[in-house]
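>>> coordinates for the following, if possible.
(chains A and B)
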There are 2 protein chains.
Amino acid sequence: MSSTVNNSNRTVEVCFSPALIQLHDVTSSIVVVIDVLRATSSMCVAFANGVRSVVPVATVEESEAYRAKGFLVGAERNGEMIDGFDLGNSPFSYMDPRVKDKDIALSTTNGTQAIAAAKDAYMLVAGSFLNLDILCEWLLTQDKNVLLLCSGWKNSFNLEDTLFAGAVAEKLLPHFELNRMRDAVLASVHLYGLAKNDLNTFLEQSSHRKRLEKLHISKDIEYCLTLNQAPVIPVLVDGVLVKLTA
Amino acid sequence: MSSTVNNSNRTVEVCFSPALIQLHDVTSSIVVVIDVLRATSSMCVAFANGVRSVVPVATVEESEAYRAKGFLVGAERNGEMIDGFDLGNSPFSYMDPRVKDKDIALSTTNGTQAIAAAKDAYMLVAGSFLNLDILCEWLLTQDKNVLLLCSGWKNSFNLEDTLFAGAVAEKLLPHFELNRMRDAVLASVHLYGLAKNDLNTFLEQSSHRKRLEKLHISKDIEYCLTLNQAPVIPVLVDGVLVKLTA
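Numbering: from 1, shown residues only, chains lettered A, B, ... in the order given. Predicted coordinates for the structure are as follows:
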């Protein structure tokens, strides 16, 4: 990697919902799509375990079509794996040695919607706590604006994606400018400051956490909130996520 | 006022932008429109000083039409009063004895847009730090869901409206339920917890604060961030704001 760029006027912004993307200029930005629980976390794990490509799809029906083309398919309904599919949406699914060198179609509602909303981005990458440091180090080397796009939950604000946006913004701020869209950045950084010593406890009352708790996947949640366990950067190329190479 | 309602299943939600209003069911909610700097603060001051009604309008041209009908008109462009208009957008404008018993057309971009977005509300009231306690006491007596609608800045998230939403939510939470839209409520309450000992300092880096600072109206800002100086509740009746009477 090249060294950190300094003295530039590049900006960092946070967008709390794909439904607000039109307020931002994505064409001049590297957009970091964030869906911590669990799509972008699972993507990072997949590439860290040798997956060749990940196609984000919105529906189980689309996944079926990819399966017919020879893809491994990951899908769930209401948090549970579906009969006949290869993988669930849990990050642990993507640690399976079977995934190495495979192409995967991953069904995700919010993550796929966020990727679609930012399709005109200068460049689109996926972020999660699992690739926090490598992602920030790479963003610091790029002389571009950064837009941190929280997938949210069906377009509504969510806490876990905001905390990750805050974690990234905190690392970028000494080297980036704030512009008139600064308030969402400041809020994210403040919230991450409150949460960072124990993300899991901070999120105990959050909506998606409560939703997933019912599905007994607290192991997934804990893993998705650990830092730097999958140090790779998924990048979108022609509608398909691949691993960014330096 | 009747006493606090308990044991109900009423919910409290926060919406960070008029552009996200469709995620909420406004028809079953009392919507609190929040535009702390400065529209809803000025409205509270106006009613505390005997104004009879306030029509929120979006453009200076609309204000002109109301002036022709005998209204006092308050308007600004870029934070400054316009020649030929009676009042600016500063809360101090509405402490003038001339406003007593008058009808006022108040030009405000973000506040008017938020009111329009929530027009199907069960009931719509205006909130600001200047009417915090009386507003919360009244909401506690109502057996209805509450939606705290931040006007933001041209549909983007802003901090000062979020802090006020957090101040209200903090007071309501012991008596209200959180639902699946809980994350924005939790974030607002956390941010208000960080800010409440010194709102002015907390907002030093915020976007609108910086915008208004350039206009040398820090006296307005300080006043808008003080609590309970205008203990009245503006309520929308047939498209016009009037003072709520018990």
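>>> C-alpha from now on. contacts and neighbour counts both.
Will do.
>>> after the least confident helix or strand in chain A by mean pLDDT, which helix or strand is next? Please name it.
Lowest on mean pLDDT, DSSP states H and E among the helices and strands of chain A sits helix A:207-213, with a mean of 67. Following helix A:207-213 in sequence order, the next helix or strand is helix A:218-224 (DSSP states H and E).
>>> for the helix or strand that that following helix is followed by, what is the average pLDDT?
Downstream of helix A:218-224, the first helix or strand assigned by DSSP H and E is strand A:234-237. Summarised as a single mean, pLDDT over strand A:234-237 is 98.
>>> and the helix or strand that strand A:234-237 is followed by, average pLDDT?
Using DSSP H and E, the helix or strand that directly follows strand A:234-237 along the chain is strand A:240-243. Average pLDDT, strand A:240-243: 98.
>>> likewise for stretch A:67-74?
Averaging pLDDT residue by residue across stretch A:67-74 gives 91.
>>> tell me where chain A has helices.
For chain A, applying DSSP state H gives helices covering A:39-48, A:60-68, A:109-117, A:132-141, A:159-172, A:182-195, A:199-202, A:207-213, A:218-224.
>>> show me what the first one is packed up against.
Going back to what we said before, that points to helix A:39-48. strand A:123-127, strand A:234-237 (3 or more CA pairs under 8 Å, 6 or more residues apart in numbering or on different chains; DSSP states H and E).
>>> in CSV: those, plus distance to chain B and mean neighbour count.
As requested, these are exported to CSV (distance: least, CA to the nearest CA, whole Å; neighbours: other CA atoms under 10 Å in any protein chain shown):
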stretch, distance to chain B, mean neighbour count
strand A:123-127, 20, 25
strand A:234-237, 27, 22
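>>> will you turn these into TSV that also has distance to residue B:71?
Shown next, in TSV, are these (distance: least, CA to CA, whole Å):
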stretch	distance to residue B:71
strand A:123-127	52
strand A:234-237	57
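>>> which of those strands sits closest to residue B:55?
Comparison of the helices and strands packed on helix A:39-48 against residue B:55 by CA to CA identifies strand A:123-127 as nearest, at 44.8 Å.
>>> just give me the neighbour total for the nearest residue to residue A:81 once chain neighbours are set aside.
Sequence neighbours aside, residue A:88 is the residue nearest to residue A:81 in space, at 4.7 Å (criterion: CA to CA, 6 or more residues apart in numbering or on different chains). Counted with other CA atoms under 10 Å in any protein chain shown, the neighbours of residue A:88 add up to 21.
>>> roughly how far does residue A:88 sit from residue B:129?
To residue B:129, residue A:88 is 48 Å away according to CA to CA, to the nearest Å.
>>> equivalent analysis for residue A:150, please.
Residue A:150 is 29 Å from residue B:129, by CA to CA.
>>> and these two? Which one has more around it.
Set side by side, residue A:150 and residue B:129 show more neighbours around residue A:150, with 32 against 28, by other CA under 10 Å.
>>> quick one, what contacts that one?
Residues near residue A:150 by CA atoms under 8 Å, 6 or more residues apart in numbering or on different chains: A:14-18, A:33-35, A:114, A:157-158, A:161-162, A:165.
>>> most neighbours, which of those residues?
Using other CA under 10 Å as the neighbour test, the contacts of residue A:150 are led by residue A:165, with 33 neighbours.
>>> who in chain A is up against chain B?
A:19-20, A:23, A:155-159, A:179-184, A:186-187, A:190-191, A:206-207 (CA under 8 Å from any CA of the partner chain).
>>> can you check the distance spanned by stretch A:90-108, start to finish?
11 Å.
>>> look up how far residue B:15 lies from residue A:20.
Distance from residue A:20 to residue B:15, counting by CA to CA: 12 Å.
>>> how many other residues sit next to residue A:97?
For residue A:97, using other CA under 10 Å, the count is 11.
>>> try residue A:196
16.
>>> how close does it get to residue A:164?
Applying CA to CA, the value for residue A:196 to residue A:164 is 10 Å.
>>> run the chain-centre distance for stretch A:84-100.
Relative to its parent chain, stretch A:84-100 has a centroid offset of 17 Å by CA atoms, centre = their mean, to the nearest Å.
>>> how about it: buried residues?
A:85-91, A:93-95, A:99-100 (16 or more other CA atoms under 10 Å in any protein chain shown).
>>> now the end-to-end length of it.
With CA to CA as the measure, stretch A:84-100 spans 20 Å from end to end.
>>> ok, residues contacting that stretch?
A:38-39, A:41-43, A:45-46, A:49-52, A:72-76, A:79-82, A:106-108, A:220, A:224.
>>> gap between residue A:150 and chain B?
13 Å (CA to the nearest CA, to the nearest Å).
>>> which residues does that residue bridge with?
When bridges are called by DSSP bridges, residue A:150 pairs up with residue A:34.
>>> so what's the closest residue to residue A:239 other than its chain neighbours up against?
Excluding the flanking residues, the one nearest residue A:239 by CA to CA, 6+ apart is residue A:55, at 7.3 Å. Going by CA under 8 Å, 6+ apart, residue A:55 touches A:103-106, A:239-241.
>>> report how many residues lie close to the nearest residue to residue A:73 once chain neighbours are set aside.
Closest residue to residue A:73 apart from its sequence neighbours, by CA to CA, 6+ apart: residue A:105 at 4.8 Å. Neighbourhood size, residue A:105 [other CA under 10 Å]: 27.
>>> is it possible to export the helices of chain A to CSV including distance to residue B:173?
Formatted as CSV, the helices of chain A follow (distance: least, CA to CA, whole Å):
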stretch, distance to residue B:173
helix A:39-48, 32
helix A:60-68, 38
helix A:109-117, 28
helix A:132-141, 34
helix A:159-172, 18
helix A:182-195, 19
helix A:199-202, 17
helix A:207-213, 16
helix A:218-224, 26
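>>> for chain B, see how far away residue A:193 is.
Residue A:193 sits at a distance of 10 Å from chain B (criterion: CA to the nearest CA).
>>> can you give me the neighbour number for that residue?
14.
>>> picking up where we left off before, and the buried residues of stretch A:84-100, which is closest to residue A:140?
residue A:91 (26.9 Å).
>>> wait, residue A:183 touches residue B:157, no?
Yes - counting by CA atoms under 8 Å, residue A:183 touches residue B:157, with 6.5 Å between them.
>>> ok, back up a step: mind giving me the ChimeraX command for buried ones among the contacts of stretch A:84-100?
One line in ChimeraX is enough to select the buried ones among the contacts of stretch A:84-100; burial here means 16+ other CA under 10 Å:
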select /A:38,39,41,42,43,45,46,49,50,51,52,72,73,74,75,76,79,81,106,107,108,220,224
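>>> neighbours of the nearest residue to residue A:136 once chain neighbours are set aside, how many?
Computed as CA to CA, 6+ apart, the closest residue to residue A:136 that is not its neighbour in sequence is residue A:168, at 6.3 Å. Using other CA under 10 Å, residue A:168 is surrounded by 27 other residues.
>>> separation between residue A:168 and chain B?
18 Å.
>>> got phi/psi on residue A:121?
Recorded main-chain torsions at residue A:121 are phi -60, psi 150, according to degrees, to the nearest 10.
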